[in-house]
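In: Just to be clear, the model below is a prediction. Sequence and coordinates:
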Amino acid sequence: MPVNLPPEFKRKIFRHGLPRTPTEALQVPRRSVFWHLHPTRIFAERMQLRFSFCLGGISFLLFLVTAISGALLMIYYRPVVENAYGDILDLQYTVFLGSFLRNLHRWAGHGIVITVVLHMLRVFYTGCYKAPREFNWIVGVGLLLIVCGLAFTGYLLPWDQISYWGTRIGTNLLHAVPFIGSDGPFGSELGLRPDSDVAYLLLGDADLGQRALIRFYSLHVFILPLLAAILMSVHFWRVRKDGKLALKL
Ligand code: HEM
């Protein structure tokens, strides 16, 4: 049975009715939190699904899924070398809905990497990296790096053989980065040693251990998600301000 809410109650939530004039139509994206992402003027064909495939929106949705499922996983998981692997096994096999939560987090995390890359390709293909959107492209590159950072730091947390050795390979590569790695170009000229370069900064030690686990954990659950949330706010604000959603091709 349809529920008829009083008009003044609806107006409190949506703050606009159906637009009757072009001026009223302009008010809709200005007043509604849901339509606010869109520029006030937009080509009708840009609103079709086949134009953007909503890949940016899907990336954001997956980000929310990982954030919520990750917050719930935090209730059980302890970032301590002696407990981390056991907590993951408990989550997988004994905790109520633990395996569901873990898989949800994992697959949504894999999904973000895929949809962000596809979103970037769509933006490139439709020429949206050009002026006036060049700043938003740079913000997007920042988001891509953060998404990669989240995937990399999350990989170590189960503290099993694959995550331990996979992270070891990744952090060993850091020693070879120019200017900031001890074995990389200009590393020795700048006086960098294995205990004073970027890999050491990330691990907090010469090898993978408790300090590395806690650093990866803080990056994964707090620092990188916070940076992502800040950059996403700027990204969405720019989508609206740059207007029209893509250039007229
Ligand atoms: C977590 C990552 C990201 C999220 C959540 C996100 C979200 C969004 C959303 C919701 C839009 C509106 C249009 C659409 O849905 O396609 C958008 C547009 C845009 N994005 Fe992203 N994005 C992300 C990463 C990136 C990356 C990696 C790039 C490029 C390096 C990028 C560049 C752009 C540009 C230039 C626009 C404006 C496109 C236009 O006006 O048609 N974004 N983004």
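Out: Arrived safely, thanks for sending.
In: where's residue 139, which helix or strand?
Out: Of the helices and strands defined by DSSP states H and E, residue 139 is found in helix 134-156.
In: burial of residue 152, as a residue count?
Out: Per other C-beta atoms under 10 Å, the neighbour tally for residue 152 reads 18. C-betas here are computed from N, CA, C, even on glycine.
In: now swap in residue 18 and tell me
Out: As a burial measure, residue 18 scores 7 neighbours (other C-beta under 10 Å).
In: Mind checking what secondary structure it has?
Out: Following DSSP: H, G, I helix; E, B strand; the rest coil, we place residue 18 in the coil state.
In: rewinding a little: same question for the helix holding residue 139: list its buried residues.
Out: Under the neighbour-count criterion of 16 or more other C-beta atoms under 10 Å, helix 134-156 has 136, 139-140, 143, 146-147, 149-150, 152-156 buried.
In: how near is residue 55 to residue 71?
Out: 25 Å (C-beta to C-beta, to the nearest Å).
In: scratch that, residue 27 is what I was asking about
Out: Distance, residue 27 to residue 71, by C-beta to C-beta: 36 Å.
In: quick one: low-confidence parts of the protein?
Out: Residues of the chain meeting the criterion pLDDT under 70: 1-3, 16, 244-249.
In: what does it put close to the ligand?
Out: 52, 54-57, 59-60, 63, 116, 119-120, 123, 128-129, 133, 136-137, 140-141, 143-144, 147, 232, 235, 239, 242, 245-246 (C-beta under 6 Å from any ligand atom).
In: so which strand or helix has the nearest residue to residue 98 once chain neighbours are set aside?
Out: Among residues not flanking residue 98 along the chain, residue 91 sits closest, at 3.7 Å (C-beta to C-beta, 6 or more residues apart in numbering). Following DSSP H and E, one finds residue 91 within helix 84-93.
In: Which positions in that helix come out as buried?
Out: 84, 85, 87, 88, 91.
In: what's the angle between the next helix or strand after it and helix 134-156?
Out: Scanning forward in sequence from helix 84-93 by DSSP H and E, the next helix or strand is helix 98-125. Angle of helix 98-125 versus helix 134-156, following axes from the mean of the first three to the mean of the last three C-alpha atoms, to 10 degrees, is 150 degrees.
In: tilt between helix 98-125 and helix 84-93?
Out: Using the same axes, to 10 degrees, the direction of helix 98-125 lies 100 degrees away from that of helix 84-93.
In: How far away from the center of its chain is helix 98-125?
Out: What separates the centre of helix 98-125 from the centre of its chain is 9 Å, taken as C-alpha atoms, centre = their mean, to the nearest Å.
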